[in-house]
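Asker: fold the following for me, if possible:
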Amino acid sequence: MKVAGLIVAAGRGKRAGGGIPKQYRDLNGQTVLRRSVMALLAHEDVGAVQVVIHSDDVNEYEATVNDISGLLPVCIGGAERHNSVLAGLNALKDFSPDIVLIHDAARPLVSVSIIKEVINALKTHAGAFPALPVVDALWRGGNTIDAPEAREGLWRAQTPQGFRFADILAAHENLTTPALDDVAVAHAAGLNVAITQGAEDNFKITNPEDFARAERALKDNMDIRTGNGFDVHKFGDGNHVTLCGIDIPHSHGLVGHSDADVAMHTVTDAIFGALCEGDIGQWFPPADMQWKGAASDIFLAKAVERAAARGFTITHIDCTIICETPKIGPHALAMRERMAQITGIDMDRISVKATTSEKLGFTGRGEGIAATATATLVKI
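Answerer: Model prediction:
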C-alpha cells in the first residue's frame, strides 16, 4: 500500500498575528510547517509528502524544508482550500499513491499513533479522519441564549483526513460547491468515512495564544531517548583499518561485508536502537550484495535520516573503540570531524575515545577490534 501525505499550506493565517503566515513562524526552534512535514514523514508507511503553498511563499518554503528528504516538488495552491487540495492531488498523480493523507500545515503536533489509526481505518473504509467528541454544553444565541443544542453525536474534526486516492481525487474534481473540509467533499460524493480517535494536542494553530499552547505541549511531551550499540570485527588481510570513516595504516585490515568500520557501525546501531527501528543488519542485510564493500557512512546517514524523519535531534554521540592496536588517540580528532560531517551535529557533541582490554580476550590477543556507542536523541 503506497501512502502519500498532502499538506495544505497556502493560507495567510492572519488571525495568528506575527506579521508572516503562521506556517512559517517559529515554534520552539522549528517552523510550524516543518514540524507538520516531519510529523507525517515520521510514520514509516508515508513514502512522500506533497506540500501546497502560496505563490508568495516560495522563498520561505525553501528555507524551511531545504534539508528534508521525502518531499515531492512543491506546487502552488488556489484561492480557496479546496482549490489547493485539488492542485495537490493533481501533483500527486505521478507518485500514484493508493492512499493520501490530507493534513493542515497548522496542526504540527499530530502524532504517529493518530496517523496510524487513520491508515488502518482505510483498510475497510473509503475515508477516515481523527476527531474528538463534543463534551461542552452547546447553546444557540447571540448576546443572550436562545435555545440549547444537543451535543450527542457531534464531533470536532481534525486532520490528517485520509482517503483512497482515486476516490478523493474524483470527489474534488466533481465538487460544485465550497466544502468545509475534505470529509465534507467525500461525504458529498457518497464515500463511506470512518471516525478515528483524535487528540487534544492535535489542535489547529489559529490565534496568537495557540502558539503558547503549542509550546507548552511540546515541553510536556519532550521525548528523550538513549540507544546503545556494540559491534566486533576480526582482523584479516589488508594494510589499514577504517574507523569512524578514517583510514588508519595498520598491519591488518578488518573483515566485514561492507568496509568493516566497526566504530561507525556501532554508532549507527545506537541511533537505530534509540528509535526502536531494529539494527544495521535489518536495514542493510549482509546477504544483499549491493552492500558488499560499501562505505559505512551510507548506513550512518540512513540512521540520521530516520531520526530526523521521526522529529528527533541527535544531541550526543559517545563511541569507545576497544583494541590493543592501532593507536586511536592520534586519529580521534579526525574521526570526530568526519562523524560531525555525516551526522550534521556539532563536533563538541561527538566523543570518540579508545581503551584496551588489558591483553584479555580476543581484542587483547590482537584478533580484532570491538566498539561500543551511546546515542542520545531528543524530540521537542
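
Asker: what ranges do the helices span in the stretch 1-150 of the chain?
Answerer: 32-41, 58-65, 81-91, 112-121 (DSSP state H, counting those that start in this stretch).

Asker: what's the most buried one of those?
Answerer: helix 32-41 (a mean of 25; mean count of other CB atoms under 10 Å). Every C-beta, even on glycine, is put in place using the N, C-alpha and C of the backbone.

Asker: name the residues that touch that one?
Answerer: 5, 7, 9, 22-25, 27, 30, 46, 49, 51, 61, 64-65, 68, 70-71, 101, 103-112, 115, 160, 205, 308-311 (CB atoms under 8 Å, 6 or more residues apart in numbering).

Asker: run the chain-centre distance for that helix.
Answerer: Here helix 32-41 is found 7 Å from its chain centre; the criterion is CA atoms, centre = their mean, to the nearest Å.

Asker: quick one: that helix to helix 58-65, angle?
Answerer: 50 degrees (axes from the mean of the first three to the mean of the last three CA atoms, to 10 degrees).

Asker: next, the angle from helix 32-41 to helix 112-121.
Answerer: Using the same axes, to 10 degrees: helix 32-41 against helix 112-121 is 50 degrees.

Asker: which of the contacts of helix 32-41 are buried, as a ChimeraX select command?
Answerer: Provided next is the ChimeraX selection string for whichever of the contacts of helix 32-41 are buried by 16 or more other CB atoms under 10 Å:
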select :5,7,9,22,23,24,25,27,30,46,49,51,61,64,65,68,70,71,101,103,104,105,106,107,108,109,110,111,115,160,205,308,309,310,311
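
Asker: neighbours of the closest residue to Gly364 other than its chain neighbours, how many?
Answerer: With CB to CB, 6 or more residues apart in numbering as the criterion, Gly364 has its nearest non-adjacent residue at 4.5 Å, and that residue is Ser357. Neighbourhood size, Ser357 [other CB atoms under 10 Å]: 14.

Asker: can I get the helices of the stretch 1-150 of the chain in CSV with mean pLDDT?
Answerer: Formatted as CSV, those follow (pLDDT from 0 to 100):
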stretch, mean pLDDT
helix 32-41, 94
helix 58-65, 93
helix 81-91, 95
helix 112-121, 96
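
Asker: select, out of those, the one closest to Ala373.
Answerer: helix 32-41 (24.7 Å; CB to CB).

Asker: in CSV: the helices of the stretch 1-150 of the chain, plus distance to Thr177.
Answerer: Converted to CSV, the helices of the stretch 1-150 of the chain look like this (distance: least, CB to CB, whole Å):
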stretch, distance to Thr177
helix 32-41, 28
helix 58-65, 30
helix 81-91, 10
helix 112-121, 26
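
Asker: show me what counts as buried in stretch 335-350.
Answerer: Met335, Arg336, Arg338, Met339, Ala340, Ile342, Thr343, Ile345, Arg349, Ile350.

Asker: the last one: what's it in contact with?
Answerer: Spelled out, that is Ile350. Counting by CB under 8 Å, 6+ apart, Ile350 touches His316, Ile317, Cys319, Arg336, Met339, Ala340, Thr343.

Asker: what's the closest of these to Ser84?
Answerer: Distances from Ser84 to those, taken by CB to CB, are shortest for Thr343, at 35.9 Å.

Asker: pretty sure the closest one is touching Leu300, no?
Answerer: Yes - in this structure, Thr343 is within contact of Leu300 by CB atoms under 8 Å, at 6.9 Å.

Asker: now do the phi/psi pair for Asp348.
Answerer: phi -70, psi 0 (degrees, to the nearest 10).

Asker: what's across from Ile321 in the sheet?
Answerer: Under DSSP bridges, the beta-bridge partners of Ile321 are Ala354, Ala371.

Asker: just the ones in helices from the contacts of Ile350, please.
Answerer: Using DSSP state H, the subset of the contacts of Ile350 located in helices is Arg336, Met339, Ala340, Thr343.

Asker: in stretch 202-219, what's buried?
Answerer: Asn202, Phe203, Lys204, Ile205, Asp210, Phe211, Ala214, Ala217, Leu218.
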